[in-house]
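Requesting a structural model of the entry that follows:
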Amino acid sequence: MVKRRANPSSDSEDDNPEGASSTSKRARTEDDSDVEHIARSQRRGAPNNKMKGKARADDQDSSDDDGQEVDEHADNIDDDQFEEQYHERIERAVDAKRHIVGGIAEHGIIENIEMHQFMCHRYLSFQFGPQINFIIGHNGSGKSAVLSAITIALGGKSNSTGRGSGLKSFIREGQPAAEVTVALKNQGEEAYKPHEYGKSIFITRRFTKEGSSTWKIRGSKSNHIISNTREELSAICDHMNIQVDNPMNVLTQDAARLFLSASAPADKYKFFLRGTQLSQLATEYETCLENITNTTKVLQNKKAAIPDLKQAFREATAKYQEAAQALKQKEKARELKVELAWSHVQVKETDLQSKMEDVEHAKRQRKKVQESLSAARIELQKAGDKVAMHEDEINAVGNIDDLDQRRNELKAEMRSLQAQIMKCSSDMKEINTSTTAAKRSIEDIAHNITIETERLTKDTQEKRDQFKRKLEKAQTTVAQQEEAIEQFHTAKSEISRRIQDTQRAGKEREVEMEQLKQNIGKIENLLNQLQRHEDNKYAAYGPQMAQVVANIQQMKWQGEQPLGPLGRYVKVKDLDAWADLLAQQLGSSLTAFAVTHPQDRNNLKQLLNHHNFKNNQIIIYEKDRFDYSSGEPAPDVLTVLRAIEIDDEDVKRILINQARIEALVLAHTRKDAEQILRRVGGGVAWTQDHFNVKRFPDGGGSTNPLRKFQRSQMLRNEDVATRQKRLEVERAQLDGQYGSLTTEIQRFRDSYLALKQEETQNMHKSRQANSILSRAKQEIQTLLQEANEDAPVNVQGLQEAKLEAEQERDAFMKQFEDVARTKEQLSQTLSGLAHQEMEVRTQIHHFNDRQNESRAQATAAAEARMSAQRAVQHYETKEREANASIEDAEAILKTTTEEFKSWTNSASEIGDRVETNRKPEDIQRQMDNVKRALQERERRQGATVDEIVKEVSSTKEKLERAQRDYKQMVNLNKILRASLAARLSRWQEFRRHIALRCKMVFRYNLSQRGYFGNILFNHSDQTLSLKVQTDDQLSTQNGSKEKDPRSLSGGEKSFSTICLLLSLWESIGCPLRCLDEFDVFMDAVNRRISMKMMIDTANQSDKKQYILITPQDMNGLKFGPSVRVHRMTDPERGQGILAMN
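The predicted model follows:
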């Protein structure tokens, strides 16, 4: 199929937008055997006699070389001979086609149409059938708006619809804009850009009251707008051969009424030429002939200029012969120029040797620096070994914590012994006081015995017995109460101790309960978070991270789909031990994203910024599954990589490159980390007790504290149900512990209250006993006073009291000896502990001395290593400077070498090498003298020798080029004239074939009604006439079969014109056939036959779609499956969706 080359013309308010241009269109006919592809046009008419006149006029003005004339009527076969020659052949082709059912078009037909605020419709939408579509409805229902919408949407002119002069007139009354959408089928092998548009192309045109008009072209694959230019619409219509401005393809209501009722023979002939695109070919051939004529005039101008060029060449040649004497001096100047060039080359060669020596000198200097650098590195290695040795000595000294702990234990024991010794001293003072009191009591009793003995004689027996009884009773009471008081004192001490123990234990349980409350609260918060974020596994990375991941999956990317956040691919094997530590230390890497294409980074950055993720890192990586095992430590060393599981191998490589997770060591304590790093030869370790430990292979390192771990959900990638169940089990355990602690605390409180009550009772009893004791002692004192005053006391009782006092004194003395002995033992023990404490103190002092000494040595070694490092850095700087010096020298050498080669090549182009001992200045001076002599000669001649030589060459070249161009253009003009003559002959043959085919199809269509007739083509007068005769005219018009159709009725005339239209449709290649109100003048019989004929013709047409509009009813007609009837609702403005059958 021949495609058209540009946009269809349009009548939007913004006419001729940028890029739009009007140009030719192409079409094809359907006669497979007789009619080939021919061009179609937007202009009317055929080649006429004016063409021939122009050709003759131009031929008279042209030369003998281009005197060929284009004759339009070279073919001497007339129409009758042509019809007689091809009649049977075309008739067989037409008959054969009637028995073939046409196929459904795979592309170029309309699938559906939508109109918004268009003409009288607020909204109208329906589906077209692939072959035959009837749109019926009463007048005013908006049927013709469908054809207008198709024409406007596909880029046709608004005035071609007959409904308005501009797009504004198609906008529904009171609305600011209108919109029409047409869906074109786009399937099969000849589909237009199926990889972009898919199986359907949706063309939407929107235009407003302000005069703006826009197109939106989309495909069925997505709702994305693929193009909004008229050029793309033109390309689509070209590809599918859609011609909405061709009156034979879309015959509007007014055009159909004119064509059916009042069209003249000349108008019918114009319809014939425009519909078959023959007029466009004729116009293009006229343009070709004008171009050929213009070319002939150009050739005449070129031919007239050739004698002048020949004269200029002869004059330049004569001048050159006169200047031949100067060539010798010119040759001498050339020789001097060659010598001068090679002299410069020799100078540059000497400079090149000097630059090569500079490079060698710089290399020797670098070798010396490298030797010094190697020696400095050896010294650095030695200094590093010494640092490591002294650090080992420091580590070998051990830890002072054990000595400090022993010293503190000894001090605690000494303080305890000193307290016991002080208690013994206090007890001894109390015993001395009691012994002194007992001695005074013995002395008093002995004195009383003496007095009593003297008075015994005066007392009666009865009074002595009574006194004795009272005294014994009081003494018994005193002994009992003193024993009771002692018991109460002991009980008080025991009760106080038990109260303190109960208080301490209760406070400990309350602290445990408070901790349990906090743990239970944390678990409840975690459960609430799990409940809130049950459906969002990305909640730990941010509130909108799930939306970011969803957008990433939907977007198109230049490279692979971005990975991220990287933490969602990572799982920690031991969550409780390492999850929070790794989440804190790898946080920026876990929230990062990774892309493979640099252009994807900006798109991903915009997406993250849109969701308020402005600090997330974006990594550009390559899909390289490299081997990382060489960077891992021994298998028994726990690293970050071994503590986690990574689902994606690319994510694993990214984390290895970004964070070195294959070498990062994990340890429980700082001490463990130091031991592991010392064993593996240095590295970095993270510990559970919040330290970042770093050790270098050559000794030294650092230890820095880490921030306290915050609980994070980033690496806790267990599912919500499992996590919730585990937390609920943990909460149940804590609830059980909480209940037990509550019971135990209550028991302690009850015990505390009982002990307090017991303490109160004990104090009350103790006060009662003291009161009784005080009264008993008072009574004894009273009795003794009374005995001294009134009556003699029993001497025996006093003697017993004296004996008891003596026994009490002896007991106090024995007790004093025991306490003194205990004090002596404690003093000896204290002395031994003091000696041990002194020894520990001495050890601590010696430890500090050894440690300070080792540290001083390590510091000195470290300073020596720093000095060695500075020396290495110094020589490395010197080496870099030497390398830079060599690079500069080599760059200069390279430049000099290139200049030497360039100068050598330039000198070689000037001439062969010439050995010379003269300096360039001397050669230049001699050459200047020769040039001055040449200039003097040239001044006399008015031009230089070179200019003269150039003038000769230039004039010769112009002459040869003009002669060559003239000859080529003459030949080309002859070829174009011959080609145009052949094309005109072929055009006439096309016209005869199409006309003959129309005649035969017209006759066949008339026979469907029982009529007879013919089409009379007069190509000279450009007229097309119909001759039709009905059955009832045979008797009234003397049996003639071909009469003027003016004698026919309106319905018969419309029927015959429909037959003509169907015959013309056989000759056009557009897949659309649109006709409005074709049956307005037909009676029922002609209409029924015309409808059947049109349906049969449509069924026989291959890959064509028919859209026929009629205000008549379709009742009583039988339709096949290829026919679809669309019934419009009654004429009501503001109607909705089209009602269809």
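
for the protein, which helix is longest?
As assigned by DSSP state H, the longest helix anywhere in the chain is helix 795-910.

Contact partners for Ser343?
Counting by C-beta atoms under 8 Å, 6 or more residues apart in numbering, Ser343 touches Thr916, Arg918, Lys919, Pro920, Ile923. Where you see a C-beta, it was placed from the backbone N, CA and C, and this is true even at glycine.

how about a cut-off of 6 Å?
The contact partners of Ser343, by C-beta atoms under 6 Å, 6 or more residues apart in numbering, come to Thr916, Pro920, Ile923.

Return the member of those nearest to Ser954.
Ile923 (32.4 Å; C-beta to C-beta).

in what helix or strand does the closest one lie?
Assigned by DSSP states H and E, Ile923 belongs to helix 920-941.

can you confirm Pro247 is in a helix?
No: secondary structure of Pro247 (DSSP: H, G, I helix; E, B strand; the rest coil): coil, not part of a helix.

so how far is Leu1072 from it?
Remark: distance between Pro247 and Leu1072 (C-beta to C-beta, to the nearest Å) = 13 Å.

Show me which of those two is the more surrounded one.
Neighbour tally, Pro247 and Leu1072, criterion other C-beta atoms under 10 Å: the higher count belongs to Leu1072, 22 against 17.

that older thread, which of the contacts of Ser343 has the largest number of neighbours?
Ile923 (20 neighbours).

Do you know the pLDDT at the residue nearest to that residue when sequence neighbours are not counted?
Sequence neighbours aside, Leu340 is the residue nearest to Ile923 in space, at 4.4 Å (criterion: C-beta to C-beta, 6 or more residues apart in numbering). As summarised for this prediction, Leu340 has a pLDDT of 81.

Wait, Leu340 touches Arg925, no?
No: taking C-beta atoms under 6 Å as the definition, Leu340 is not a contact partner of Arg925, at 10.2 Å.

So between those two, which is more surrounded?
Neighbours were counted for Leu340 and for Arg925 using other C-beta under 10 Å; Leu340 has more, 22 against 12.

Distance of that one relative to Ser902?
16 Å.

One more: Thr782?
Taken as C-beta to C-beta, the span from Thr782 to Ser902 is 146 Å.

Verify the stated contact: Asn249 with Gln243.
Yes: using C-beta under 6 Å, Asn249 is in contact with Gln243, at 5.1 Å.

Now the common contact residues for those two.
The contact sets of Asn249 and Gln243 overlap at Cys1070 (C-beta under 6 Å, 6+ apart).

Find the least confident helix or strand in the protein, judged by mean pLDDT.
The helix or strand of the chain with the lowest confidence, counting by mean pLDDT, DSSP states H and E, is strand 39-40 at a mean of 34.

element containing the residue most central in space within the chain?
Central residue of the chain (C-alpha atoms, centre = their mean): Leu604, 3.2 Å from the mean position. Leu604 is part of helix 598-610 when elements are defined by DSSP H and E.

As PDB, could you dump the C-alpha coordinates of that helix?
Only the C-alpha atoms of helix 598-610 are listed here, as PDB (Å, rounded to 0.1, in the frame of the first residue of the first chain):
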ATOM      1  CA  PRO A 598      22.800   5.900  37.000                       C
ATOM      2  CA  GLN A 599      19.700   7.500  35.400                       C
ATOM      3  CA  ASP A 600      17.400   5.600  37.800                       C
ATOM      4  CA  ARG A 601      19.100   7.300  40.800                       C
ATOM      5  CA  ASN A 602      17.400  10.700  40.100                       C
ATOM      6  CA  ASN A 603      13.900   9.100  39.600                       C
ATOM      7  CA  LEU A 604      14.300   7.100  42.900                       C
ATOM      8  CA  LYS A 605      15.600  10.200  44.700                       C
ATOM      9  CA  GLN A 606      12.500  12.200  43.600                       C
ATOM     10  CA  LEU A 607      10.200   9.300  44.700                       C
ATOM     11  CA  LEU A 608      11.900   9.200  48.200                       C
ATOM     12  CA  ASN A 609      11.700  13.000  48.600                       C
ATOM     13  CA  HIS A 610       8.000  12.900  47.600                       C
END
